[in-house]
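Q: what follows is a predicted structure for the sequence shown.
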Amino acid sequence: MGYEMLPSFLRRRVLVAVAPDDMQAIELVKAMRALGLTVIIAATIGLASQADDVAVCVVVLHPDRWRSAPSIITAMRRNPRFMIPVLQAPMELPRVAWATEPFYLTEETLAQTAKALVGMIRGHLQTVSEHEINALIQQRAVLHPWFREPEMLGSVPAPMHKKMPRSKLAHYLQLSWPLAFILCISFLTYYFFQLSVTTNTEAITPMATTSTWRNHAYSALVPGQECDPGGADWEIPGYYKDVAAPNPATATPSTRKSVPTPHLINDNSVVPTCRQDGVMLTHTNHYAAFASMIFTSRGLPLPPHYSTSITASSVNTSKSAIFQLGVRDQSGSDMSGVDFGYGNDALRIGTNGAWEVVRYDNTTGAIEVRYARGFVPAASHYTLAADINGPAMTFTINRQTVATIIDTTYPDSYGISFGLSDGGIQRPPSALFSHFSYTPLPDHLPKNEAEVRSTADAQVNAAADQLRQQSYQTATPGFGCDHGQGQWQPTALTGGAATTHCLARGLSVEQSARVKDMGRVSFYGLDGFIYGNYRVGVDVALKRDSDNWAGLGTRVDPLGSSYTFLVRSDGSWKILRYDSDGVPHQLAAGRVARRDTYSLQAQSSGASHSLRINGVPVATVFDPFLSTTDHIELNTLPDDKGAAAATTFSNFTFTPLS
C-alpha cells in the first residue's frame, strides 16, 4: 500500500530502526516515549519493512555495527519519506535520502537528543497534516472540477461563449439545482464520516497507532500474509535457536561435560500454501523445529485480555508430530533480535493426544517451565484455544478446558503463534491451519503492574499449595474410564504391552500370551505432576488360575526407574526397585493369605517405602536412590511362562503427604 493511500492515522506513525540489542538506542526510544511520542522500535526485518508506511523514520547508526544490522539496512532501502539519522559516533553518512542533518547520541546527551528529536518530529507531523489538506483539495479539483475552490477557477482564463438567452439559462438552472443539492449533501456526509473515523481512531491510539485489528475482533478462515484478504499482519520466523549434540568423533572430555550452548539456526524452509480450507505449512528442512506463523502486533503489545483459537489438521505427519498455539510471543517486542525474543507461553499437543503447557526461555528458546500436562483422545486435527487475562491463561482443546496457569514472566504479548514440529518423520511434514480467531475482551485486572504481579504470585502459590495437598480417588482408574480430573496416559503410548477396557467395576488390564514386558497404566496427578511424598492405593482382582503379578509403582522417572509393589493370586508379594536399564533389585518379599481381591497401599516418604495389604503393614524398606516422581503406575507383570492374563484395578486413591 502506497503512503498516499494509507489512512491519516497510519501516515502519522514514527518508527526507529535500531540494531538488535542496542541498549543505548532502546533507551533513546524510551526517552522519546516518556516525552509523549508513541514510537515503534524496529530491531527486526519485519518491523523495519514498515519504514515506508510511516511519517517519520529515525535510523540509529553506529560506525562499527550498522552494516551488519538487517533491520537498519531494510529501513534505509525502503526509502522512507522523512528519514532522520542519529549517530552514536562520528562517521560518514550512508548515501541515502536523509531529510535532516544528523543528530548525535551519547550517554550524556541522551535526554537532550530525545527532546530535540521529538520537537522536530512533532513540527514535521503538523506540517504533514497541513500539506495533506492542501493535497486533498488539489486532488479533488483534478478528479472533480466542480469541487474546485473559487481562487483556482479564477486563475484559469474563462473561455468565450455566446451569451445564452436569459429564459433558457433560468430553465437550466431550475433543472440543475436538485442535482447540485444532492452532490453537496453527499460530499458533506462523506467529509464528516471520514473526519469522525480519523478522530475516533486517533483518540484510541494517539499520534502513532497500531494496526486497526489490534483492538477489534478479527478472524480468518485462511490465515497468512498472502492468504488472508483482511489485511492483518502475519510473519513466518526466519531463524530459531537449538542445542547441537557434540560430535562423538571430535568431542573431548571437557566438551562432553560442558553445558551445551544454544546457537542460532537460519531457517527459510517454511513454505506456506494458500488453500480454500486453510493455509498449509510445509517444513522442507529442520523437521524437529517448529514451522510457525505469527499473527503479529507489529511491535506494540496486544490488549491484556483477549481470546484466540486455531484449528490444526495433519496433512503429512508422523506419530511424533506436535501442534502448538503460543499466546505470549516475544519476537516482536522492543528487546527482540537474534539474542532475545524467543520467549512464549504455549499449548503443545501431539497427534497421539498428549498435551502440555510450557514457557519458553526468551534467550535460548528452550522449554524453561512445564506448567501442566495431560492427555486427550488422539486425533488428526484439534481446535486449540486460549483465554488470556493478564498473567492468567486458560487453554482448551476441542472445547474442553485442560489447564489454567498463571505466569508473570512475560507481562505483554506481541503476537499469537501457531505451528507444527515433527522430529520423527523422514520427509517434509505439513499441516493445515484454519479458522483463526482473535477477540479482545474487557480487562478485569488492576491497572497497576506491581499489583497485578503481586496478585498473580499469590494466586500461583495458593494454586500450587492446593494441588500439592489435594487427595484424589476414582472407582474406575485409567484413560477414558476416569471421568474426573485425573490425568491418565493411554496405554498405547507406553509401549503397547497391555490393553485396557473400562468396566462398571473398574479397569481391566489384559496382556497377551508370550508378552514378557511389564504392563503400565500411568497416572500424572491432577495437573500432570506428582509432588513430594505421597500414599497411593488400589484394589487388585487377580484370576486364581493365573500366576501373573499386579500392583503399584511409585517414584517412576522418565527413564523407567521405580519402586514397584506387586502381589500374586496365591498371596505372594514383593517390593522391587527397577533401575533405568529395567533391571529389578528385590528389596523385600513375603506372603499373605490368599484372596480373590487384594487392597494394596504403597507409601513413599523420603527414603522410606512401605506396603500394606488389606490394611495390614507387611514391609518397610529404606532406599535413597529415587527421590522424585514423574508419575505413578498401575502395573501388571506376566509369569515366567508368559501366559495371557487379565487383571482388574478399582478404587484408586492418591493422598499427598506433608
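A: Received it, and whenever you're ready, just let me know what you need.

Q: pretty sure residue 117 contacts residue 102?
A: No. With contact defined as CB atoms under 8 Å, residue 117 does not reach residue 102; the gap is 11.2 Å. No exception for glycine: its C-beta is placed from N, CA and C like everyone else's.

Q: neighbour-wise, which of these two wins?
A: residue 117 (25 against 15; other CB atoms under 10 Å).

Q: now that one: phi and psi?
A: phi -60, psi -50 (degrees, to the nearest 10).

Q: ok, now the one 4 residues further on?
A: Main-chain dihedrals, residue 121, degrees, to the nearest 10: phi -60, psi -40.

Q: okay, and the beta partners of the closest residue to it other than its chain neighbours?
A: Spatial nearest neighbour of residue 121, chain neighbours left out: residue 56 (5.1 Å); criterion: CB to CB, 6 or more residues apart in numbering. For residue 56, the residues forming beta bridges with it (DSSP bridges) are residue 14.

Q: doesn't residue 122 make contact with residue 56?
A: No. In this structure, residue 56 is not within contact of residue 122 by CB under 8 Å, at 9.8 Å.

Q: neighbour count for those two, which is higher?
A: Taking residue 56 and residue 122 together and counting by other CB under 10 Å, residue 56 has the greater number of neighbours (26 against 16).

Q: quick one: that one from residue 85, how far?
A: 12 Å (CB to CB, to the nearest Å).

Q: thought residue 349 was touching residue 397?
A: Yes. Using CB under 8 Å, residue 349 is in contact with residue 397, at 6.2 Å.

Q: anything in contact with each of these two?
A: 355, 376, 382, 384 (CB atoms under 8 Å, 6 or more residues apart in numbering).

Q: quick revisit: tell me which of residue 349 and residue 397 has more neighbours.
A: residue 349 (27 against 22).

Q: got the contact list for that one?
A: 322, 323, 324, 355, 356, 376, 382, 384, 397.

Q: quick one on the thing from earlier: overlap of the contact sets of residue 117 and residue 102?
A: residue 86.

Q: just name the shakiest helix or strand of this structure by mean pLDDT.
A: In the chain, the helix or strand scored least confidently by mean pLDDT, DSSP states H and E is helix 150-154, which has a mean of 39.

Q: remind me which residues of the stretch 451-600 of the chain are low pLDDT?
A: For the stretch 451-600 of the chain, the stretches flagged by pLDDT under 70 are 451-465, 467-468, 494-495.

Q: what segments of it are strands?
A: 472-474, 499-503, 506-511, 519-523, 533-542, 549-556, 562-568, 572-578, 584-591, 597-605 (DSSP state E, counting those that start in this stretch).

Q: need the phi and psi values for residue 120.
A: Residue torsions, per degrees, to the nearest 10, at residue 120 are phi -60, psi -40.

Q: so it makes contact with residue 84?
A: Yes. The criterion here is CB under 8 Å, and residue 120 meets it with residue 84 at 7.2 Å.

Q: pLDDT weak spots in the stretch 51-200 of the chain?
A: In the stretch 51-200 of the chain (pLDDT under 70), the answer is 129-200.

Q: now the helices for it?
A: Assigned by DSSP state H, counting those that start in this stretch, the stretch 51-200 of the chain shows helices spanning 70-77, 110-143, 150-154, 166-204.

Q: could you do the stretch 351-500 of the chain as well?
A: Counting by DSSP H, counting those that start in this stretch, the segments of the stretch 351-500 of the chain that form helices are 449-469.

Q: cool, the stretch 201-350 of the chain as well?
A: Under DSSP H, counting those that start in this stretch, the stretch 201-350 of the chain gives helices at 253-257.

Q: output the below-cut-off pLDDT ranges for it.
A: In the stretch 201-350 of the chain (pLDDT under 70), the answer is 201-213, 244-260, 334-336.

Q: and this protein, what are its domains?
A: Using automatic domain parsing, the domain parsing of the chain gives 1-158+165-209, 214-468, 472-657.

Q: need the three-state assignment for residue 31.
A: For residue 31, the assignment made with DSSP: H, G, I helix; E, B strand; the rest coil gives helix.

Q: hmm, it is touching residue 112, no?
A: No. Judged on CB under 8 Å, residue 31 makes no contact with residue 112 at a distance of 9.6 Å.

Q: quick one: which of the two has more around it?
A: Each of residue 31 and residue 112 has its neighbours counted (other CB under 10 Å); residue 31 has more, 19 against 14.

Q: count of neighbours near the residue nearest to that one when sequence neighbours are not counted?
A: Distance criterion CB to CB, 6+ apart; nearest residue to residue 31, sequence neighbours excluded, is residue 114 at 3.6 Å. By other CB under 10 Å, the residues close to residue 114 number 23.

Q: gap between residue 114 and residue 24?
A: Per CB to CB, residue 114 is found 12 Å from residue 24.

Q: likewise residue 516?
A: 66 Å.

Q: what residues are up against the residue nearest to residue 121?
A: Residue 56 neighbours (CB under 8 Å, 6+ apart): 13, 14, 15, 80, 82, 83, 84, 121, 124, 125.

Q: change it to 10 Å
A: For residue 56, the contacting residues are 12-16, 37, 39, 80-84, 99, 117, 120-122, 124-125, 128, 208, by CB atoms under 10 Å, 6 or more residues apart in numbering.

Q: quick check: it vs residue 35, distance?
A: In terms of CB to CB, residue 56 sits 14 Å off from residue 35.
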